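*Asks:* What follows is a predicted structure for the sequence shown.
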Number of protein chains: 2
Amino acid sequence: MTRVLVVDDEPQLLRALRINLRARDYDVEVAADGTTALRQAGAAPPDLVVLDLGLPDIPGVDVIHGLRGWTRVPIIVLSGRAGSQDKVEALEAGADDYVTKPFDIEELVARIRAVSRRVTTAGEASRVDVGEHTVDLAGKTVSGGVHLTPTEWHLLEILIRDPGKLISQQQLLTTVWGPSYRRETHYLRQYMAQLRRKLEADPAHPRHLLTEPGMGYRFQP
Amino acid sequence: MTRVLVVDDEPQLLRALRINLRARDYDVEVAADGTTALRQAGAAPPDLVVLDLGLPDIPGVDVIHGLRGWTRVPIIVLSGRAGSQDKVEALEAGADDYVTKPFDIEELVARIRAVSRRVTTAGEASRVDVGEHTVDLAGKTVSGGVHLTPTEWHLLEILIRDPGKLISQQQLLTTVWGPSYRRETHYLRQYMAQLRRKLEADPAHPRHLLTEPGMGYRFQP
DNA sequence: CGCGGGCGTAGGGAACGCGTCAAGACCGGC
DNA sequence: GCCGGTCTTGACGCGTTCCCTACGCCCGCG
């Protein structure tokens, strides 16, 4: 889960951000002033920082410098000052984005998503453990010399994308084979068996690729 | 040198951007409409795109989608519309930043620098070993007197950039030959065979330039 | 106890994708 | 204008993957 550190002293903004980001599976932490922010970031480095420049103790640019001294964590700046000189200064100091107040909360969330997407997709791959093996969705690799065919990947990706969640047979069939194959449930049995043979330690008694009779399948981490 | 593709039809803005970016060692290319932009980006992929949403031919969001279909190049959007709905839409489509007109040229340059800074510092290795040979990406040389043609270099670079990661044939084709060649998979077979003949010890049984049937190719160090 | 639905497994035919060889089209320099 | 290298096409054999049919098993139900 992506951890966002919000540095601001307005309870109203904090509340709105917390709600909106929680809904999108972000973890929100809060700091009310610059010193707290720097200490907190040092103690538990966040994955992204939302920084209000109008802090009670230190100038916002100094907070940017304080962070950039040791980390390249993405920083999104909030500020009441719309002058381009202020923007240039903050961006040159190392900020990734600059949003002027007042702003729409939806826009800020979209910008947070844009920045964190850029970072995570550029960075290391998303890996998931399935029993003995490790599956790398981005690189399309499985540890232990296991090889998966395109159809097997397609199926596995849908299941892994929502760990623990039940995926109906109809959804699996329509997304992998197309809407006209909605009733061909034996395709699922076929390929689920192959996935289990390749990934599960004991294919006859699967522990991660589970069947929910009459309903669908579920990936259990 | 970082190459920036500016998609806009205002000569005044283009001129200002060209001067300011040239001064900071950026290479500036220009496209006046969406189709030109997509074609140009396919022919010579830029390192960053500045995209005006108010284009004469296609909606700006479609240009974003057209690019995001095969590349993660950073996109900075310019727009006269300041509504948060427009911003969210563009950012969700895959844009990295959104600047509303009128804006200060200094601010745009600062944002370009902020975005490209994150990309270039993402990391890069110049020399890579491929079996018996050593490939120097920067110097465009291969040890052992091996010579590669431009197309071969282009292909090899994409594969080497993400070692161990699978690259889809769609991405390879659009990046090397252009979006219209998306289905010409036998170009890939042709040139992958040539690369293997030149680099692999046993071209019939490649150990570094691997095929993933139905999906793409992978460089294994 | 017999029955049927849902599930897991096995095997074979067909189609697709891949590698390879070969030849024609294009473009540069000598 | 000739010639070498490079880029585009085309055709063929082979292996893998996919699709489909068939069968055995477990469990709930009548």
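*Replies:* Here it is on my side, so go on.

*Asks:* what's the helix or strand for A:T211?
*Replies:* Under the criterion of DSSP states H and E, A:T211 resides in strand A:209-212.

*Asks:* Identify each buried residue in the helix or strand just after that strand, please.
*Replies:* On the C-terminal side of strand A:209-212, the closest following helix or strand by DSSP H and E is strand A:216-219. For strand A:216-219, burial by neighbour count (16 or more other CB atoms under 10 Å in any protein chain shown) applies to A:216-219. For every residue, glycine as well, the C-beta is placed using N, CA and C.

*Asks:* Stretch A:153-173 now?
*Replies:* Neighbour counts over stretch A:153-173 (16+ other CB under 10 Å) mark A:153, A:155-156, A:158-160, A:167, A:169, A:172-173 as buried.

*Asks:* next one: stretch A:8-25
*Replies:* For stretch A:8-25, by 16+ other CB under 10 Å, it's A:8, A:13-14, A:17-18, A:20-21.

*Asks:* Is that stretch in proximity to chain B?
*Replies:* No: figure legend: stretch A:8-25 not in contact with chain B (CB under 8 Å from any CB of the partner chain); closest approach 11.6 Å.

*Asks:* what about that stretch, distance to the chain center?
*Replies:* 17 Å (CA atoms, centre = their mean, to the nearest Å).

*Asks:* Can you give me the distance of the spatially closest residue to A:L38 that is not a sequence neighbour to A:T35?
*Replies:* For A:L38, ignoring the flanking residues on the chain, the nearest one in space by CB to CB, 6 or more residues apart in numbering or on different chains is A:G66 at 4.9 Å. Between A:G66 and A:T35 the computed distance is 9 Å (CB to CB, to the nearest Å).

*Asks:* Could you chop chain A up by domain?
*Replies:* A:2-122, A:127-219 (automatic domain parsing).

*Asks:* which secondary element of chain A has the worst mean pLDDT?
*Replies:* Using mean pLDDT, DSSP states H and E, helix A:105-122 stands out as the lowest-scoring helix or strand of chain A, at a mean of 84.

*Asks:* In terms of secondary structure, what does it contact?
*Replies:* Counting contacts by 3 or more CB pairs under 8 Å, 6 or more residues apart in numbering or on different chains; DSSP states H and E, helix A:105-122 packs against strand A:2-7, helix A:11-23, strand A:48-52, strand A:75-79, strand A:97-100, helix B:84-93, strand B:97-100, helix B:105-120.

*Asks:* Pick the most buried one from these.
*Replies:* Of all the helices and strands packed on helix A:105-122, strand A:48-52 carries the top mean neighbour count, a mean of 25, counting by mean count of other CB atoms under 10 Å in any protein chain shown.

*Asks:* and the next element down the chain from that strand?
*Replies:* Downstream of strand A:48-52 (by DSSP H and E), the next one is helix A:60-68.

*Asks:* Quick check: which helices or strands does that next one pack against?
*Replies:* helix A:34-43, strand A:48-52, strand A:75-79, helix A:84-93.

*Asks:* Using neighbour counts, pick out the buried residues of the strand holding A:T211.
*Replies:* A:209-210.

*Asks:* which residues are in contact with it?
*Replies:* Here strand A:209-212 makes contact (CB atoms under 8 Å, 6 or more residues apart in numbering or on different chains) with A:130, A:159, A:166, A:192, A:195-196, A:199-200, A:217-220.

*Asks:* cool, stretch A:8-25 as well?
*Replies:* For stretch A:8-25, the surrounding residues in contact (CB under 8 Å, 6+ apart) are A:1-2, A:4, A:6, A:28, A:30, A:32-33, A:50-52, A:55-56, A:78, A:105-106, A:108-109, A:112-113.

*Asks:* That one - what's its average pLDDT?
*Replies:* Averaged across stretch A:8-25, the pLDDT comes to 89.

*Asks:* try stretch A:155-170
*Replies:* On average, stretch A:155-170 scores 91.

*Asks:* Distance from it to the middle of the chain?
*Replies:* Taking CA atoms, centre = their mean, the mean C-alpha location of stretch A:155-170 is offset from the chain mean by 17 Å.

*Asks:* wait, does that stretch make contact with chain B?
*Replies:* No: shown here: stretch A:155-170 not in contact with chain B (CB under 8 Å from any CB), separated by at least 12.1 Å.

*Asks:* Quote the end-to-end distance of that stretch.
*Replies:* 12 Å (CA to CA, to the nearest Å).

*Asks:* So that stretch, near DNA strand D or not?
*Replies:* No: taking CB under 7 Å from any atom of the strand as the criterion, stretch A:155-170 and DNA strand D are apart, separated by no less than 9.4 Å.

*Asks:* Mind listing residues that contact that stretch?
*Replies:* Counting by CB under 8 Å, 6+ apart, A:128, A:130, A:135, A:137, A:148, A:171-172, A:175-176, A:182, A:185, A:188, A:191-192, A:195, A:209, A:212, A:215-221 sit against stretch A:155-170.

*Asks:* repeat that for 7 Å
*Replies:* Defining contact as CB atoms under 7 Å, 6 or more residues apart in numbering or on different chains, one finds that stretch A:155-170 is touched by A:128, A:135, A:137, A:148, A:172, A:175-176, A:182, A:185, A:188, A:191, A:195, A:209, A:212, A:215-221.

*Asks:* Same question for stretch A:65-78.
*Replies:* Residues contacting stretch A:65-78 (CB under 7 Å, 6+ apart): A:8, A:38, A:41, A:45-53, A:60, A:64, A:90, A:93-99, A:101, A:111-112, A:115-116, A:119.

*Asks:* residues of that stretch that come out buried?
*Replies:* A:66-67, A:73-78.

*Asks:* Would you mind writing the CA trace of it as CSV?
*Replies:* Taking C-alpha atoms only, stretch A:65-78 is exported to CSV below (Å, rounded to 0.1, in the frame of the first residue of the first chain):
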residue,chain,number,x,y,z
HIS,A,65,15.6,20.8,0.5
GLY,A,66,15.5,18.9,3.8
LEU,A,67,13.8,16.0,2.1
ARG,A,68,15.8,16.1,-1.2
GLY,A,69,19.0,15.9,0.8
TRP,A,70,18.6,12.2,1.3
THR,A,71,15.5,11.0,-0.6
ARG,A,72,13.9,11.3,-4.0
VAL,A,73,10.4,10.7,-2.8
PRO,A,74,7.9,12.5,-5.0
ILE,A,75,6.8,15.8,-3.6
ILE,A,76,3.5,17.6,-4.5
VAL,A,77,3.5,21.2,-3.3
LEU,A,78,0.4,23.1,-2.2
